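A.B. asks: One predicted model, sequence on top.
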Amino acid sequence: MADSAVMRDPAERVSPRARLRWLVGALGGGAALLVATALLAGWRAEVPWWVLLPVAVAVAGYAAVVPQWRYLVHRWEITDTALYTQTGWWTRERRIAPMSRIQTVDYNEDALDRIFGLATVTATTASSAGPVRIVGLDAGLARRLTEELTRKADAVEGDAT
Amino acid sequence: MSGPSAPPVEPAPAPTGSGWQRLDPRMLALLPLQELKRWIGVVIGLLVAGSVTGGTWQLYALLIPVVAGTVDYATTRYRVADERVELRRGLINRRHLSARLERVRTVDLTAPLLHRILGLSTVRIGTGSGGATDDAPLDLDGLPTDRARSLRDELLRRAGESTAEPGEPPPERVAARFHPGWLRYAPFTAGGLAILGVLWGGLWQVGEAVGIDLRVLPGLKRLPDPAETPWLLATLVLATLVLGVLAVVVLSVLAYAAAYGQLVLRYVEPRGPWRLRRGLLTTRETSIDVDRLAGVTVGEPLLLRAVGGARLSAIVTGMRRDDAGASLLVPPAPAAEVAHAAGEMVGTADPVVAPLRPHGPQAVRRRWTRALGVAAVLALAGVAAAAVLDAWWLLLPALLVLPAAAGLALDRSRALGHALTGRFLVARSGSLLRARDVLAREHVIGWNSRATWFQRRAGLTTLQATTAGGHGYVEVLDVPEAEAAALATAAVPGLMEQFLQRR
């Protein structure tokens, strides 16, 4: 009996290109924020122009730190009986979903994902708090994983509720 | 001949060809009222148009709902035959709903006030195990109440859900029953406090806006001006406050009695379902399959706990999100009765009363830092505001925030705990909204383990057991990582072990 056993990290990492994709996303969002702030500063006299500076610094800091931190944290693992993921940079969230309870497996690519050849795999269970998601996978690997998960989830008996 | 002890079943109304039956004729009085709700826009429009153009033709607009109701009555038929229960209604939009008898799982009777006055009930037939992919329930809206009851017993018997003899109501076991003593817990809910807050704020606004001057009342002319005599002002304020509290108490007691009067929670032998009937004016009935009952939650909000009360909700799989209120089983009631009902529902009193494992000093410290941290910020803000705005009366609440937060932290750290008893996972947390969740182990789907950066530094995590019912999970708050792993391993063997490592 493992008295002081704790949960370990899942074994696999996501694709390194995910860092670039997250960086581009962060910069895009940051640019939008800067534009909005500039418009606000131009429109309302009480918002001074130097407000743009801390906003720009915050955006730059976020873009420099968060994608790399996320890449270090985001992990996944699939075994015969379960799917295990780890996500989040400030709040680390680990999710385990047993194969026998997986109801649907979704494969998803958004616009930015497609540019970098990435995809997201989502497995849902009967619980509203349960969807297990792997973001930033290489697209080919994601397709193979989706098929493997679907096969394994179907192989286990039961109606997965 | 001596009759049976149960009242004889009313004969079914004469069938109109091949077993189809109509709703009770008394529905002719109620259906137009229901149709009025649907046609209200048209009716009002015509009435307005008519009054503008003069003449009395617009009164014929009131006939529209009457005609619609009569058509509805004439075209609605149901029958129970050939292993199916069928319902047909509608003249222009014809609908034909049917369900196989063997798929019938729940039959609920509801009687809104007008139905009750006329002696009618609505029969709602549910199929399958509940959930988004379920068939829509079949509603027979308007049968005489005892005919509705015997139809329910018959449907459940033929669906195999009951082993009662034909013509007899099935045996039942009562887990909770309303008695007038419950009413004294009515004001101690969040609803009561909200009403009080709204009333108080409203009275204040009105008083200021109107500038109430009592001297306009005869006989009070010789009273001094309240604004100049503090004692009179204070008395008035106190009187308003007392009246306000009384109003809240009376209103909440009345609302409670109307919603929960005559509540009975009972189990239909031998395989369920659990049936909850409640309501003084409108009787509502809900059924919960034993298979769908994943667990219960004993809620003890602060005020209610202080007066020795509690309430009970069910964790039910397949219950749609907007039915969350429908999962309340026992409203604020004596804590002992709630505990008894909880024990009856999960089959054993153990998980409801078992002592819980504490979560250790780190978790306790987090309760204190979080409560006092927020309180310190609030207190500082209050002091700053008092200084800046020169409103020195703000100092008192600003300083009271700190001991209040300390009390909150103490209560929260005492509430924190979890346990694994036989078939159940038990978790408790909270002070203002304390709740003890009891979840059957076989209803645990998977695990989520969340930890903020602060929690990770303290070696803690919040473990969520995901399940198909209720909010989607039962949370074990701020538990040491090793204990979380041990709990998950023991609760659902074979899942967590492969993802563990020795520290």
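C.D. replies: Received, thanks. Being a predicted model, the structure only gives us computed values, none of them experimental.
A.B. asks: Now the residue sitting nearest the centre point of chain A: closest residue in space that isn't a chain neighbour?
C.D. replies: Nearest to the mean C-alpha position of chain A, by C-alpha atoms, centre = their mean, lies residue A:135 at 3.9 Å. In space, not counting the residues next to it along the chain, residue A:135 is nearest to residue A:120; the distance is 4.9 Å by C-beta to C-beta, 6 or more residues apart in numbering or on different chains. In short, each C-beta sits where N, CA and C put it, glycine included.
A.B. asks: what's around that neighbour, how many residues?
C.D. replies: A count of nearby residues for residue A:120, using other C-beta atoms under 10 Å in any protein chain shown, gives 18.
A.B. asks: Next up, the contacts around it.
C.D. replies: Residue A:120 is in contact with A:107-110, A:113, A:133-137, A:142, counting by C-beta atoms under 8 Å, 6 or more residues apart in numbering or on different chains.
A.B. asks: Equivalent analysis for residue A:12, please.
C.D. replies: Applying C-beta under 8 Å, 6+ apart, the residues contacting residue A:12 are A:75-77.
A.B. asks: would JSON lines of those with neighbour count, secondary structure and distance to residue B:280 be doable?
C.D. replies: As requested, these are exported to JSON lines (neighbours: other C-beta atoms under 10 Å in any protein chain shown; DSSP: H, G, I helix; E, B strand; the rest coil; distance: C-beta to C-beta, whole Å):
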{"residue": "A:75", "neighbour count": "19", "secondary structure": "strand", "distance to residue B:280": "57"}
{"residue": "A:76", "neighbour count": "23", "secondary structure": "strand", "distance to residue B:280": "55"}
{"residue": "A:77", "neighbour count": "18", "secondary structure": "strand", "distance to residue B:280": "56"}
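A.B. asks: quick one: which of these is nearest to chain B?
C.D. replies: In terms of C-beta to the nearest C-beta, no member of those lies closer to chain B than residue A:77, at 7.5 Å.
A.B. asks: Bridged to the closest one, which residues?
C.D. replies: Taking DSSP bridges, one finds residue A:84 as the beta-bridge partners of residue A:77.
A.B. asks: Can you show me the CA trace of stretch B:109-117 as CSV?
C.D. replies: As requested, the backbone C-alpha atoms of stretch B:109-117 are provided in CSV (Å, rounded to 0.1, in the frame of the first residue of the first chain):
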residue,chain,number,x,y,z
LEU,B,109,-49.4,13.2,-10.5
THR,B,110,-49.6,16.9,-10.3
ALA,B,111,-52.6,19.0,-9.3
PRO,B,112,-52.5,22.8,-9.7
LEU,B,113,-54.9,24.7,-7.6
LEU,B,114,-57.8,25.0,-10.1
HIS,B,115,-57.4,21.3,-10.9
ARG,B,116,-57.6,20.4,-7.2
ILE,B,117,-60.7,22.5,-6.7
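A.B. asks: Pull out the buried residues from it.
C.D. replies: Of the residues in stretch B:109-117, those scored as buried under the neighbour-count criterion (16 or more other C-beta atoms under 10 Å in any protein chain shown) are B:109-112, B:115-116.
A.B. asks: for the helix or strand that contains residue B:49, the distance to its chain's centre please.
C.D. replies: For residue B:49, the enclosing helix or strand under DSSP states H and E is helix B:27-53. In terms of C-alpha atoms, centre = their mean, to the nearest Å, the centre of helix B:27-53 is set 33 Å apart from its chain centre.
A.B. asks: Quick check on residue B:23: phi, psi?
C.D. replies: Residue B:23 has phi and psi values of phi -70, psi 170 when expressed as degrees, to the nearest 10.
A.B. asks: what number of residues lie near it?
C.D. replies: Taking other C-beta under 10 Å as the neighbour definition, residue B:23 ends up with a count of 24.
A.B. asks: separation between it and residue B:97?
C.D. replies: In this structure, residue B:23 and residue B:97 are separated by 14 Å, where distance is defined by C-beta to C-beta, to the nearest Å.
A.B. asks: Identify, from the contacts of residue A:12, the entry nearest to residue B:27.
C.D. replies: residue A:76 (58.9 Å; C-beta to C-beta).
A.B. asks: List the contacts of that closest one.
C.D. replies: If a contact means C-beta under 8 Å, 6+ apart, then residue A:76 has A:10, A:12, A:14, A:83-86, A:134, A:137 as its contacts.
A.B. asks: could I get these as JSON lines with distance to residue B:347?
C.D. replies: JSON lines is the format used below for the contacts of residue A:76 (distance: C-beta to C-beta, whole Å):
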{"residue": "A:10", "distance to residue B:347": "37"}
{"residue": "A:12", "distance to residue B:347": "42"}
{"residue": "A:14", "distance to residue B:347": "45"}
{"residue": "A:83", "distance to residue B:347": "32"}
{"residue": "A:84", "distance to residue B:347": "33"}
{"residue": "A:85", "distance to residue B:347": "35"}
{"residue": "A:86", "distance to residue B:347": "37"}
{"residue": "A:134", "distance to residue B:347": "39"}
{"residue": "A:137", "distance to residue B:347": "44"}
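A.B. asks: In CSV: those, plus pLDDT.
C.D. replies: Listed next are the contacts of residue A:76 as CSV, based on pLDDT from 0 to 100:
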residue, pLDDT
A:10, 93
A:12, 93
A:14, 92
A:83, 93
A:84, 95
A:85, 95
A:86, 95
A:134, 93
A:137, 93
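A.B. asks: nearest to residue B:360, of those?
C.D. replies: Using C-beta to C-beta as the measure, the one of the contacts of residue A:76 that approaches residue B:360 most closely is residue A:86, at 23.7 Å.
A.B. asks: Contact partners for that closest one?
C.D. replies: Neighbouring residues of residue A:86 by C-beta under 8 Å, 6+ apart: A:9-10, A:73-76, A:92-95.
A.B. asks: Can you turn the buried part of those residues into a ChimeraX selection?
C.D. replies: Only the buried members of these end up in this ChimeraX selection, burial being decided by 16+ other C-beta under 10 Å:
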select /A:9,10,73,74,75,76,92,93,94,95
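A.B. asks: which one of the contacts of residue A:86 sits closest to residue B:123?
C.D. replies: Distances from the contacts of residue A:86 to residue B:123 were compared by C-beta to C-beta; the smallest belongs to residue A:95, at 42.6 Å.
A.B. asks: now that closest one, what's its secondary structure?
C.D. replies: Using DSSP: H, G, I helix; E, B strand; the rest coil, the structure places residue A:95 in strand.
A.B. asks: residues contacting it?
C.D. replies: When the contact criterion is C-beta under 8 Å, 6+ apart, the partners of residue A:95 are A:84-87, A:130, A:132, B:446-449.
A.B. asks: In space, what's closest to residue B:151 - neighbours in sequence excluded?
C.D. replies: The shortest distance from residue B:151 to any residue other than its chain neighbours is 6.1 Å, reached at residue B:123 (C-beta to C-beta, 6+ apart).
A.B. asks: quick one, phi/psi of the one you found?
C.D. replies: Reported as degrees, to the nearest 10, the phi and psi values for residue B:123 are phi -110, psi 120.
A.B. asks: same question, residue B:252
C.D. replies: Comment: the main-chain dihedrals of residue B:252 come out as phi -70, psi -30, following degrees, to the nearest 10.
A.B. asks: Tell me the pLDDT of it.
C.D. replies: Per-residue confidence at residue B:252 stands at 86 (pLDDT).
A.B. asks: For it, give its distance to residue B:245.
C.D. replies: Residue B:252 is 11 Å from residue B:245, where distance means C-beta to C-beta.
A.B. asks: buried set for the helix or strand following the helix holding residue B:49?
C.D. replies: Per DSSP H and E, helix B:27-53 leads on to helix B:63-75 as the next helix or strand towards the C-terminus. The neighbour-count check on helix B:63-75 (16+ other C-beta under 10 Å) flags B:64-65, B:68-69, B:71-73 as buried.
A.B. asks: need the next SSE after helix B:63-75, C-terminal direction.
C.D. replies: Following the chain from helix B:63-75 toward its C-terminal end, the next helix or strand by DSSP H and E is strand B:77-81.
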